[in-house]
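Student: predicted model, plus sequence, below.
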Amino acid sequence: MPEKINVHFLGTSGMIPDARRNHPAVFLSYKNEGILFDCGEGTQIQFRKAKINPGKITRIVLTHWHGDHTLGLPGLLKTLSMSEYTKKLFIYGPKGIARRIDEMDQAFGRITEFEIEVEEITSQGVFFENNDFSLSAAQMSHGVPCNAYSFVAKGYSRIDKKKMKKLRLPEGKHIQDLKSGKDITVNGKKFKAKDFLFKEEDKKVSIVLDTEFNSDIVPLVKDSDFLISEATFGKGLEDKAKDYKHLTVEQAATIAKKAKTKKLYLTHLSARNNSNLKEFLADAKKIFPETFLARDLMEIDL
């Protein structure tokens, strides 16, 4: 069975949290990787509430350095240092993030118990890739250096075992040749790899937090299975959203539609919308029906 991508919403509020919504943080698990996107104040408490061991974190990906997205970082790193965390921790972020991390170390004490590698992502496209997945970035418009990100789990070539059984092709070392696309001969009979191979589709999760509407969003998030997007302002508030460099609920839905995503999850929700969340969601669904409101501790699988 293909491994699932698991996504936990640890915080879904805007700048000001309330009793129901914590500061922004999204935790994505895939195979042995645990990727934390942003780390607002209280994120490590949200890990406990979600019953996730923070020691599973392998990478922290920061969209930008505003406090509601980063104030939980010093405490989280200190907790890891006191919890026998031994992995090398990778931290990614936009231009200037290395200086910010260094200033944070000076203010709160440098972590010496494990290695931290900070990388500034200043160009568009893929910035990390291995055999299992890739991470891509695009620069956003928020008044400070800011990125949006996409995570892509790579589809694998698999053997159709039902077809093998039907054609009486036995198991053996030759299966690896088929997987690599090589034709084989077994007991004098030729078998073509193309007749047995099928490829799983890639799976894509995109995260867009804190930006005004811009032309770089759709190419980054195109064909996402899940698009997690901020929607700070309600319908008809495009001018205010532009002033504060955020998205409206209608703009988020329009991006999802143009990018042909499968599902849209709205986050970074302002407390001003708490009294009309049904109407808020309905405004998005008119444009993109597969829209959902993210909530704290909500879990989704892909």
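Tutor: Everything's here; your move.
Student: how many residues are close by the residue lying closest to Pro145 once chain neighbours are set aside?
Tutor: Nearest in space to Pro145, with sequence neighbours left out and distances taken as C-beta to C-beta, 6 or more residues apart in numbering, is Pro94 at 3.7 Å. Backbone N, C-alpha and C define where each C-beta goes, glycine included. Neighbourhood size, Pro94 [other C-beta atoms under 10 Å]: 21.
Student: pLDDT value on Phe196, please?
Tutor: According to the prediction, Phe196 has pLDDT 70.
Student: ok, it - contacts?
Tutor: Under the criterion of C-beta atoms under 8 Å, 6 or more residues apart in numbering, the neighbours of Phe196 are 159-160, 163-164, 169, 178.
Student: tell me the contacts of the residue nearest to Pro145?
Tutor: By C-beta under 8 Å, 6+ apart, the neighbours of Pro94 are 62-65, 120-122, 139, 145-147.
Student: do the same with Thr122
Tutor: 94-95, 139.
Student: same question, Lys190
Tutor: 183-184.
Student: ok but it is inside a strand, no?
Tutor: Yes. Counting by DSSP: H, G, I helix; E, B strand; the rest coil, Lys190 falls inside a strand.
Student: so it bridges to which residues?
Tutor: Residues in a beta bridge with Lys190, per DSSP bridges, are Thr185.
Student: please report the distance of it from His174.
Tutor: 11 Å (C-beta to C-beta, to the nearest Å).
Student: ditto for Ser206
Tutor: With distances taken as C-beta to C-beta, Ser206 is found 39 Å from His174.
Student: which of these two has more residues huddled nearby?
Tutor: Between Ser206 and His174, Ser206 has the larger neighbour count (other C-beta under 10 Å), namely 27 against 15.
Student: extract the CA atoms of the lengthiest helix in the chain and return them as PDB.
Tutor: Taking DSSP state H as the criterion, the chain has its longest helix at helix 97-108. This file holds the C-alpha atoms of helix 97-108, laid out as PDB (Å, rounded to 0.1, in the frame of the first residue of the first chain):
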ATOM      1  CA  ILE A  97      16.000  34.000   7.900                       C
ATOM      2  CA  ALA A  98      19.600  33.000   8.800                       C
ATOM      3  CA  ARG A  99      20.200  36.300  10.500                       C
ATOM      4  CA  ARG A 100      16.800  36.100  12.300                       C
ATOM      5  CA  ILE A 101      17.700  32.600  13.600                       C
ATOM      6  CA  ASP A 102      21.100  33.800  14.800                       C
ATOM      7  CA  GLU A 103      19.500  36.800  16.600                       C
ATOM      8  CA  MET A 104      17.000  34.400  18.200                       C
ATOM      9  CA  ASP A 105      20.000  32.200  19.400                       C
ATOM     10  CA  GLN A 106      21.600  35.300  20.900                       C
ATOM     11  CA  ALA A 107      18.500  36.300  22.700                       C
ATOM     12  CA  PHE A 108      17.400  32.900  24.000                       C
END
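Student: same for that helix, what does it pack against?
Tutor: helix 73-81, strand 89-93, strand 116-120 (3 or more C-beta pairs under 8 Å, 6 or more residues apart in numbering; DSSP states H and E).
Student: can you name the next helix or strand after the helix or strand encompassing Tyr265?
Tutor: Element membership for Tyr265 (DSSP states H and E) is strand 263-267. Where DSSP H and E defines the elements, the next helix or strand beyond strand 263-267 is helix 277-285.
Student: got a pLDDT number for Ile111?
Tutor: pLDDT at Ile111 comes out at 94.
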